[in-house]
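> Model the structure of this input:
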Amino acid sequence: MKIALASVSAQTFDNYEIILVDDGSTDGTGEMIEKMRCEAQGSIKNIKYFRKENKGPASARNFGIKQAVGEFICFLDSDDRFRSDKLKTSYEFIQKYPKYKIFHTEEIWYRNGAHLPQKNYHKKPSGDVFKNAVKMCSISISTAVIKKGIFEEIGIFDEIMPACEDYDFWLRAANRYKIFLIPFYLTIKEGGHAGQQSFKYPAMDTFRIYALKKILESKELSGDNFKIAADELKRKCKIFIKGALKREKNKEAAYYQSLIEKF
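Next up, the predicted model:
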């Protein structure tokens, strides 16, 4: 958290607010913030700090959205950080491409402190990215810059989901809007630690299937996008059916088979 905040305070752009949502942490975040306020100047000194009951990342993001007064919102998870020109460069692209309401950037990955090269299939998409968003969560939330009004148009993060809430959001967003890739590496992500959601929930595709089922039932998808989403749901369900039958979980297998037949 301290590194994430330091990366925000080091920005070369100064017209922004910091909203920190402490989702019931037990690591002394409140005391750390107070100490930083006393020692720092500028944006960190004026940080808006909120502590709430632990309800997961979707709830924390939604709480922050409601507090924000700016026209655009950036998210930054506690284990990630911005490069110093993240906000300045994002602002410049917002001004240059006013028709876009969602931007994201390239990112650098580290795992356990070591640089992690990205594969070709991790290449960041731009424009009409629904097909990419269905296949995987191709837009990292800590790289995104989103016009606040979008949350009023398509809804906020689904708080029922303990994980993959960003996958669910990007399905809805990419179905409605083109998304602009800012071609600079402006976010640094640090992975590999036990606090990540992928460690807590190893079967993450259960949540992605839920998200796909939800958007397929929403009547929001066009013919092409409906087929793309339905095909991916069926692909994921077939994998789960195979695993369920192997474990003799016949009821679970029957549920996923019913989704294949429905769509």
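> surely residue 20 meets residue 51?
No. Using C-beta atoms under 8 Å, residue 20 makes no contact with residue 51, being 9.2 Å away. (Glycine included, C-beta is placed from N, CA and C.)
> Would you mind telling me which of those two has more residues around it?
A direct count of neighbours by other C-beta atoms under 10 Å for residue 20 and residue 51 places residue 20 higher, at 22 against 13.
> So that one versus residue 144, what's the distance?
18 Å (C-beta to C-beta, to the nearest Å).
> repeat for residue 69
Applying C-beta to C-beta to residue 69 and residue 144 gives a distance of 18 Å.
> More neighbours: which of those two?
Each of residue 69 and residue 144 has its neighbours counted (other C-beta under 10 Å); residue 144 has more, 23 against 8.
> just checking, what packs against the helix or strand residue 66 falls within?
Following DSSP states H and E, one finds residue 66 within helix 57-67. For helix 57-67, the packing partners by 3 or more C-beta pairs under 8 Å, 6 or more residues apart in numbering; DSSP states H and E come out as strand 19-23, strand 48-52, helix 165-176.
> Could I get the ones you listed in a markdown table, plus columns for distance to residue 140?
Converted to a markdown table, the helices and strands packed on helix 57-67 look like this (distance: least, C-beta to C-beta, whole Å):
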| stretch | distance to residue 140 |
| --- | --- |
| strand 19-23 | 18 |
| strand 48-52 | 23 |
| helix 165-176 | 8 |
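> which one of those is the most hemmed in?
helix 165-176 (a mean of 23; mean count of other C-beta atoms under 10 Å).
> roughly how far out does that one sit from the chain middle?
Offset of helix 165-176 from its chain centre (C-alpha atoms, centre = their mean, to the nearest Å): 9 Å.
> how much does it deviate in direction from helix 57-67?
Using axes from the mean of the first three to the mean of the last three C-alpha atoms, to 10 degrees, the direction of helix 165-176 lies 60 degrees away from that of helix 57-67.
> So what touches helix 165-176?
56-58, 61, 102, 128-130, 132-134, 137-141, 146, 150, 153-155, 157-159, 161, 179, 207-208, 210-212, 214-215, 220-222, 225, 229 (C-beta atoms under 8 Å, 6 or more residues apart in numbering).
> Sitting in strands, which of those do you find?
Using DSSP state E, the subset of those located in strands is 102, 146.
> just the helices in the protein please.
Applying DSSP state H to the chain gives helices spanning 2-9, 29-39, 42-45, 57-67, 86-96, 130-135, 149-154, 165-176, 197-200, 205-217, 223-246, 250-262.
> how about those, which one is nearest residue 116?
helix 197-200 (13.9 Å; C-beta to C-beta).
> for the closest residue to residue 232 other than its chain neighbours, what are its contacts?
Excluding the flanking residues, the one nearest residue 232 by C-beta to C-beta, 6 or more residues apart in numbering is residue 134, at 4.8 Å. Contacts for residue 134 (C-beta under 8 Å, 6+ apart) come out as 171, 212, 228-229, 232.
> again, only this time at 7 Å
171, 228-229, 232 (C-beta atoms under 7 Å, 6 or more residues apart in numbering).
> same deal with residue 77?
Neighbours of residue 77 in contact, by C-beta under 7 Å, 6+ apart: 141-142.
> can we see that at 6 Å?
residue 142 (C-beta atoms under 6 Å, 6 or more residues apart in numbering).
> can you check the one 3 residues further on too?
Counting by C-beta under 6 Å, 6+ apart, residue 80 makes contact with 142, 189.
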